[in-house]
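1. Just need the structure, nothing else, for what follows:
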Amino acid sequence: MATADGGGSGSAMTREQLLHLFSRFSFLTSLPEVKVRIADAVRDKQEAVAVTTEIQEEILREMGIDPSFGIGCLGKVNVMYDNDMELMIKFYQFVAKEEMAIDEAELDPREFAEKIRAQQKLQEQQLKMLFEMRKYNPESQSGVLDALHKQLESTNFDTDASILTLEQIQEIVQK
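-> Next up is the predicted model:
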């Protein structure tokens, strides 16, 4: 089976290949029969992540890419493409889609709905924070993002730490 560059010794999948994988995975995991497949695996005491990885491997085979190579490339995306903002956004959406598919299979409907509501609330808070930040110049915005990054690192990237209050933003900007 070919590697990403068509058979040579490429060290990473191309941008186009990754975008295709992300798009196809998102499409497949939204299909009812795939959701049932993942849920059935969980009921059979299999790990949901094993099924989502299997789906990714199937897509890679469809693309003519060795699944081991392709899965290995996914672990390097944030290093190989760190300057490609669009690809990184698509990559994190891909990761979130996988987590969502796993949660939907593992949680009961009430727990899943609660998790969705909590994520929506967090996104609303993040959006408010971004709107507040837009009031400031780029240098101040950078300072706020640096402070947010430090806060996230200090909490081992706990999602609750992904929000700064309006007061915290103003305090950072005034420094």
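
2. Now do the strands in the chain.
-> Using DSSP state E, the strands of the chain do not appear at all; there are none.

3. what's the top helix by length along it in contact with?
-> When the chain is scanned for its longest helix (criterion: DSSP state H), the result is helix 109-133. With CB atoms under 8 Å, 6 or more residues apart in numbering as the test, helix 109-133 has contacts from 103-104, 107, 140-141, 144-145, 159, 162-164, 166, 169. To be clear about C-beta, it is placed using only N, CA and C from the backbone, and glycine gets the same treatment.

4. again, but for stretch 23-31
-> By CB under 8 Å, 6+ apart, stretch 23-31 touches 34-35, 38, 52, 55-56, 59, 62, 93-94, 97-98, 100-101.

5. 6 Å instead, please
-> Identification of contacts with stretch 23-31 by CB atoms under 6 Å, 6 or more residues apart in numbering yields 34, 55, 59, 97, 101.

6. which of these has the most neighbours?
-> Counting neighbours by other CB atoms under 10 Å, Ala101 comes out on top of these with 24 neighbours.
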